[in-house]
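**Student:** What follows is a protein structure lacking sequence information:
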Ligand code: 0O2
């Protein structure tokens with residue numbers, strides 16, 4: 001298998017999606033509006049993870065492109081839970097991609113305690129052989145969900161997927177704390193936005209005078 005050639009369109013998808021989603025954030029900034037997007041990251045799944053996942057999910061290596069949805073992965077991190085649904089709705093409106101599947105692990109968290117909103121898309125990239133539609137997964141989550149998931153992922157890696165029960169229990173309680181943090185922050189969202197508006201006004205005034 002020529003992995004470099006295999007990865008090329010995925011790398012392009014990740015870069016293009018990052019540019020477009022970061023562009024959306026900037027547009028909010030330019031228009032003096034609160035952005036539902038805090039930051040955007042992306043990665044192409046490494047070869048070893050692809051091989052491991054294909055084995056685990058019994059995906060025939062010949063069908064990886066059609067069946068593995070997250071080789072190209074982009075993550076959109078936001079401040080408030082409501083932002084997640086704003087971003088998902090914006091993705092549905094876009095004409096440069098089509099939605100294949102949406103998985104709401106925000107309202108229905110996974111057994112591990114994982115919370116995030118996944119949007120699987122088909123994205124057309126132009127290659128030297130013509131257009132190719134590539135599957136990509138956009139994960140949308142709050143800062144608190146991201147903090148939890150990143151640490152859980154690291155621990156999963158350290159313990160090869162067999163996290164000891166006492167650490168699992170800690171993770172569960174950390175997940176509940178993250179959930180409560182998101183809930184509490186949602187309640188003061190308007191206050192935060194008002195304060196930022198005031199701050200922006202003061203900054204504008206300082207710039208002009
Ligand atoms: P990596 O290293 O991030 O690439 P499914 O059969 O639908 O349940 P599938 O096909 O893996 O599972 O899709 P799903 O549920 O959308 O998960 C895809 C990715 O979501 C994972 O990729 C993780 O990035 C993230 N994810 C899902 N569940 C968890 C979890 O319990 N903890 C953490 N930290 N992340 C999770 P990979 O390939 O597992 O890993």
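**Tutor:** Now that the structure is in, tell me what you want to look at. From a predicted model like this one, the values you see are computed outputs, not experimental measurements. Numbering: from 1, shown residues only.
**Student:** need the helices for this protein, in chain order.
**Tutor:** Ranges of helices within the chain are 3-30, 47-56, 64-67, 81-93, 143-158, 165-187, 189-208, based on DSSP state H.
**Student:** For the fourth one, buried residues please.
**Tutor:** For helix 81-93, burial by neighbour count (16 or more other CB atoms under 10 Å) applies to 81, 83, 84, 85, 87, 88, 91. Any C-beta I mention is one placed from the backbone N, CA and C, and that applies to glycine too.
**Student:** Could you tell me the angle between it and helix 143-158?
**Tutor:** Per axes from the mean of the first three to the mean of the last three CA atoms, to 10 degrees, the angle that helix 81-93 makes with helix 143-158 is 80 degrees.
**Student:** that older thread, out of the helices of the chain, nearest to the ligand?
**Tutor:** Comparing the helices of the chain against the ligand with CB to the nearest ligand atom, the closest turns out to be helix 143-158 (3.8 Å).
**Student:** Return the residues of this structure in contact with the ligand.
**Tutor:** Within the chain, the positions lying close to the ligand (CB under 6 Å from any ligand atom) are 45, 49, 53, 70, 103, 110, 112, 114, 118, 149, 152, 153.
**Student:** repeat that for 5 Å
**Tutor:** Contact residues (CB under 5 Å from any ligand atom) of the chain with the ligand: 70, 110, 112, 114, 118, 149, 152, 153.
**Student:** Who's the closest spatial neighbour of the fifth one, skipping the chain neighbours?
**Tutor:** It stands for residue 118. Using CB to CB, 6 or more residues apart in numbering and skipping residues adjacent in sequence, the residue nearest residue 118 is residue 103, 4.2 Å away.
**Student:** how deep is the one you found tucked in, by neighbour count?
**Tutor:** Neighbours of residue 103 under the rule other CB atoms under 10 Å: 15.
**Student:** show me the contacts for it.
**Tutor:** For residue 103, the contacting residues are 117, 118, 120, by CB atoms under 8 Å, 6 or more residues apart in numbering.
**Student:** Recalculate using a threshold of 10 Å.
**Tutor:** Contact partners of residue 103, counting by CB atoms under 10 Å, 6 or more residues apart in numbering, are 69, 110, 116, 117, 118, 119, 120, 137, 139.
**Student:** tell me which of those residues is nearest to residue 99?
**Tutor:** Among the contacts of residue 103, residue 119 lies closest to residue 99 (CB to CB), at 6.2 Å.
**Student:** Specify the beta-bridge partners of that closest one.
**Tutor:** When assigned by DSSP bridges, residue 119 has beta-bridge partners residue 102, residue 138.
**Student:** and what of the one 4 residues further on?
**Tutor:** Under DSSP bridges, the beta-bridge partners of residue 123 are residue 134.
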